[in-house]
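> Here is the input, now give the coordinates:
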Amino acid sequence: MRQDTNKILSVIVPTFDQEKTIVNDLDNIFSVLENTKYRYEIIVVVDGTMVDKTYEKLKKLKRKKLKLIGYKHNRGKGYAVRFGMAKAKGNYIAFIDAGGDLNPNGITMMLEHMFWYDADIIIGSKLHPVSKVIYPFSRRILSILSRIWIWLLFGLNVKDTQTGMKLFKYKVLEKVLPRLLVKQFAFDIEMLAVARHLGFRRIYESPVELTYNFQSTIMTKSFISIIFKTLLDTLAIFYRLNIRHYYDEKNQRKWCYDPELNFNINVG
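Take a look at the predicted model:
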């Protein structure tokens with residue numbers, strides 16, 4: 001078990017097709033973390049080094065606290081986040097989406113909320129009362145429907161599970177990550193549902209500043225496809241949790257082992 005006295009923060013930044021924005025994104029994240037009182041590391045995971053020149057751009061950056069990792073082919077955001085977490089050294093492990101939509105100051109807010117509430121998990125929330133969000137109306141409706149759906153299935157009493165900014169205690173991930181299956185859609189719902197199932201119920205929300213950089217707010221076929229796949233993944237999580245009891249300790253032999261996602265290799 002890692003000792004909290006070191007107060008190390010690991011921030012995972014999953015990236016896919018971000019060569020135009022990634023350097024600026026990291027500058028902003030570094031600027032925020034340099035003003036915190038905690039030791040930190042930033043782990044950028046390039047989810048498909050063959051997709052564009054994101055990886056090549058990042059290799060040119062000379063930052064002591066930056067760790068760059070990746071793999072050739074796109075495997076989904078959930079896989080990228082877990083891949084980064086497997087390499088993390090922190091007592092507290094966060095992730096934030098690349099792309100510039102989210103203000104990285106939200107990381108500081110999550111840390112403050114973590115200690116205020118002695119929380120297990122803090123999630124950035126678009127629906128927090130003091131969040132500042134520029135957000136298409138269609139996505140607001142989807143967020144409300146998602147909130148109701150997630151509450152009915154899993155009893156998660158939070159307003160927003162889908163914002164790409166979350167913070168975990170190491171001890172939570174140590175128990176949760178080996179059990180997970182979802183690597184693309186609804187991976188964060190699986191993390192939260194399994195954590196709650198295992199007794200980590202101190203899950204709270206913190207405010208975010210978010211500006212969606214959409215050229216259009218009309219739902220495209222690809223976006224509708226993502227919604228549908230997320231819905232299917234969510235139903236599969238419910239089935240494994242409540243019917244198969246796949247996530248329970250007694251079914252440990254059934255958990256799918258991936259050595260690249262072995263979270264315990266860096267314990268120290």
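
> Any idea how many residues pack against residue 256?
By other CB atoms under 10 Å, the residues close to residue 256 number 10. Yep, even glycine has a C-beta here, placed from its N, CA and C like the rest.

> One more: residue 66?
If you count neighbours by other CB under 10 Å, residue 66 ends up with 16.

> Nearest spatial neighbour of residue 154, chain-adjacent residues omitted?
Closest residue in space to residue 154, ignoring its immediate chain neighbours: residue 193 at 4.4 Å, by CB to CB, 6 or more residues apart in numbering.

> which residues touch that neighbour?
Residues counted as contacts of residue 193 (CB atoms under 8 Å, 6 or more residues apart in numbering) are 153, 154, 156, 237, 241.

> pLDDT below threshold where in the stretch 101-250 of the chain?
Applying pLDDT under 70 to the stretch 101-250 of the chain flags the ranges 213-223.

> change it to 50
Along the stretch 101-250 of the chain, the parts satisfying pLDDT under 50 run over 215-219.

> one step back: out of the contacts of residue 193, who's nearest residue 125?
Using CB to CB, residue 156 comes nearest to residue 125 of the contacts of residue 193, at 12.0 Å.

> coming back round to it: looking at the contacts of residue 193, which one is closest to residue 185?
Proximity of the contacts of residue 193 to residue 185 (CB to CB) peaks at residue 237, which lies at 10.5 Å.

> starting at the chain centroid, how far to the helix or strand that contains the residue nearest to residue 154?
Using DSSP states H and E, residue 193 maps to helix 187-197. Centre-to-centre, helix 187-197 and its host chain are 11 Å apart (CA atoms, centre = their mean, to the nearest Å).
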